[in-house]
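Enquirer: Give me a model of this one.
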Amino acid sequence: MDIPRWVFLVFLLDLLCTACLSSDSSSSSNGSPGLPQKLLDFAKSRDFSEWMIGIRRKIHENPELGYEEFETSKLIRSELDKMGIRYTHPLAVTGVLGFIGTGKPPFVALRADMDALLLQEMVEWEHKSKVPGKMHACGHDAHVAMLLGAAKILREHQEEIRGTVVLVFQPAEEGGGGAKKMIDAGALENVDAIFGLHVAPHLPVSVVASRPGPLLAGSGFFEAVISGKGGHAAIPQHSIDPILAASSVVVSLQHLISREADPLDSQVVTVAKFQGGGAYNVIPDSVTIGGTFRAFSKESFMHLKQRIEEVVTKQAAVQRCHATVHFFSEEKPFFPPTINDESLHEHFKKVAGELLGPSNINDMQPMMGSEDFSFYQEQIPGYFFFLGIGFDTGEHYESGHSPYFKINEDGLPYGSALHASLAIRYLLDQQQKFLSVEGGHRDEL
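Expert: Okay, here's the model as predicted:
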């Protein structure tokens, strides 16, 4: 069969263009071999790091609780405006969604939470919280500063972006399930993968830690009101003692872990609230207890929920009391387990290894803490890791949710550069995969 010469030439040019694109993408993907270090050097420059520290301190001085982060959101939008970065607002009351890159696929997201805690700061320093009873005691101020830092890095290196980076500034991580509301508002539309980080005071600066698979537990809260009949403590036979009933409940709840849970399937039930009575010689009418329950699998988690309700109500009945149990699934939605995608773990190790060195990447054991980043991971592949912000002085560090919590701000450039590097490299890898598949299809033709 004769083929016109011009058809042959078009076909040959098409193959050459495909080869060129593939080669170019391959060199970029494998590519820009010094890019992570280049971004880190940029982030560690004096002007840049001082700007980022200033952002963090402004937020730290003015902490806002979940869904009340109006000034924090305003500051974020102001900085994005200065950078010329497009964004949408509001999502989930105070959330902000920024966009950097081509505006076309592939899409990758970077997330930072914004909310503070109900704590009175006890750290005496120049930038102590100015709001009585509220404090950034979990590092979310640093998370926002580092994501804004990543935004600035990406904006300055926009020619390296082969797709679109979505910046997710999320409200209400501390029990409010802000991630779920961001998803409901469309934050993950078109997004292929998402990365998030959390500061870790037990790790030194320039060290990160994570693992593939289960990282953090799923969690929920419960509260039970155990009602009896009050009376004088000297004549308990005339009362129905809810304190005795509640005490039996607390002990029995621990049996759920020691005698019902598989020892190889980590689970926790903790009663952290016990309120009843106000006098030494009066048996109260009721007692309120409350706490948290956690597990690494959805099946174990839902079984715990069922058994907590059964134990509370039936143990109370043994003591002639009546009990009601509330799980606050609307106000404090259950958090799923945080489970890191296996392929994104390999991507993380590769990028972090280039940026920090392989010896600064720690494998960590799963923890019973929880994170609403897990809501994103239920929808798309996601990866969550911990970033060292500890001090080199050897002093005792305070964990998150402590009124004495503090961070080493020297760690901020590492977080922003790692954010940016993970995003850029992910998009390059995705483009390479797309071109490989496209090239394979053309070969078949």
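Enquirer: Sketch out the low-pLDDT regions of the stretch 101-250 of the chain for me.
Expert: Applying pLDDT under 70 to the stretch 101-250 of the chain flags no residue at all.
Enquirer: need the strands for it, in chain order.
Expert: Per DSSP state E, counting those that start in this stretch, the stretch 101-250 of the chain has strands spanning 107-113, 164-170, 193-204, 208-210, 213-216, 218-227, 231-232. These are given in chain order.
Enquirer: Who are the packing partners of the shortest one?
Expert: So that's strand 231-232. Contacting strand 231-232 under the criterion 3 or more CB pairs under 8 Å, 6 or more residues apart in numbering; DSSP states H and E are the following elements: strand 282-283. C-beta: built from backbone N, CA, C; applies to glycine.
Enquirer: Go ahead and confirm residue 37 touches residue 354.
Expert: Yes: between residue 37 and residue 354 there is a contact at 6.9 Å, judged by CB atoms under 8 Å.
Enquirer: Looking at those two now, which is surrounded by more residues?
Expert: Here residue 37 and residue 354 are set side by side on neighbour count (other CB atoms under 10 Å), and the busier one is residue 354, at 17 against 14.
Enquirer: Strand 193-204 and the host helix or strand of that one, what's the angle between them?
Expert: Under DSSP states H and E, the secondary-structure element containing residue 354 is helix 342-356. On the basis of axes from the mean of the first three to the mean of the last three CA atoms, to 10 degrees, helix 342-356 is oriented at 50 degrees to strand 193-204.
Enquirer: What's the local residue count around the closest residue in space to residue 134 that isn't next to it in sequence?
Expert: Counting by CB to CB, 6 or more residues apart in numbering, the nearest residue to residue 134 once its immediate chain neighbours are dropped is residue 63, at 4.3 Å. The local packing count at residue 63 equals 27, with neighbours defined by other CB under 10 Å.
Enquirer: show me what contacts residue 133?
Expert: By CB atoms under 8 Å, 6 or more residues apart in numbering, the contact list for residue 133 reads 118, 119, 120.
Enquirer: Torsion angles phi and psi at the second one?
Expert: Right, residue 119. phi -150, psi 150 (degrees, to the nearest 10).
Enquirer: secondary structure class for the closest residue to residue 138 other than its chain neighbours?
Expert: Using CB to CB, 6+ apart and skipping residues adjacent in sequence, the residue nearest residue 138 is residue 400, 4.2 Å away. Assigned by DSSP: H, G, I helix; E, B strand; the rest coil, the conformation of residue 400 is coil.
Enquirer: Mind giving me the ChimeraX command for buried ones among the contacts of residue 133?
Expert: Selecting only the buried entries of these in ChimeraX, with 16 or more other CB atoms under 10 Å as the criterion:
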select :119
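Enquirer: which one among the contacts of residue 133 gets closest to residue 48?
Expert: Using CB to CB, residue 119 is the member of those that lies nearest residue 48, at 30.3 Å.
Enquirer: ok now do the closest one, which residues does it touch?
Expert: Neighbouring residues of residue 119 by CB under 8 Å, 6+ apart: 133, 134, 135, 137, 401, 402, 403.
Enquirer: Identify the residues contacting the nearest residue to it once chain neighbours are set aside.
Expert: Of all residues beyond its chain neighbours, the one nearest residue 119 is residue 135 (4.3 Å), with distances taken as CB to CB, 6+ apart. In this structure, residue 135 makes contact with 63, 116, 117, 119, 120, 121, 129, 403, 405, judged by CB under 8 Å, 6+ apart.
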